[in-house]
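**Q** give me coordinates for this.
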Amino acid sequence: MYPARIVLELTGVNPKRLRAWEELWGLLSPARSPGNHRRYSESDLPRIREIARMLKQGHHLREIQRLLGGDDKEK
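**A** Now for the predicted structure:
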């Protein structure tokens with residue numbers, strides 16, 4: 001399990017962006033530590049990289065949500 005700062009090192013995705021993908025778009029569901037900190041698994045990393053890749057290609061998060069699945073949490 002990785003904290004957000006390590007995920008940043010491994011994927012280049014900022015922790016604030018990870019939170020937005022989780023809270024606003026439902027694209028991620030990280031585990032939580034006993035202190036309620038987000039912990040990302042090895043299996044989360046390919047999904048994070050795929051979301052980042054799709055954004056670089058010009059896809060909007062609404063489209064990524066539709067393609068990859070996610071809860072409709074947009075505010």
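
**Q** okay, how far is it across stretch 2-22, tip to tip?
**A** Stretch 2-22 has an end-to-end distance of 16 Å (criterion: CA to CA, to the nearest Å).

**Q** contacts for the helix or strand encompassing L45 next, please.
**A** Element membership of L45, judged by DSSP states H and E, is helix 44-56. Residues from elsewhere that reach helix 44-56 (CB atoms under 8 Å, 6 or more residues apart in numbering): 2, 7, 10-13, 18, 21, 27-28, 30, 40, 61, 63-64, 67-68. Every C-beta, even on glycine, is put in place using the N, C-alpha and C of the backbone.

**Q** go ahead and build a ChimeraX selection from the buried members of these.
**A** Filtering the contacts of helix 44-56 down to the buried ones (16 or more other CB atoms under 10 Å) takes a single ChimeraX command:
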select :2,7,11,13,18,21,27,28,30,40,61,64
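
**Q** please, where are all the helices along this structure?
**A** 4-11, 15-23, 44-56, 61-68 (DSSP state H).

**Q** the inter-axis angle of the second one versus helix 4-11?
**A** Angle of helix 15-23 versus helix 4-11, following axes from the mean of the first three to the mean of the last three CA atoms, to 10 degrees, is 100 degrees.

**Q** so what does helix 15-23 touch, helix or strand wise?
**A** Helix 15-23 sits against helix 4-11, strand 38-39, helix 44-56, with contacts defined as 3 or more CB pairs under 8 Å, 6 or more residues apart in numbering; DSSP states H and E.

**Q** go again with 7 Å.
**A** Helix 15-23 is packed against helix 4-11, with contacts defined by 3 or more CB pairs under 7 Å, 6 or more residues apart in numbering; DSSP states H and E.

**Q** cheers, nothing more for now.
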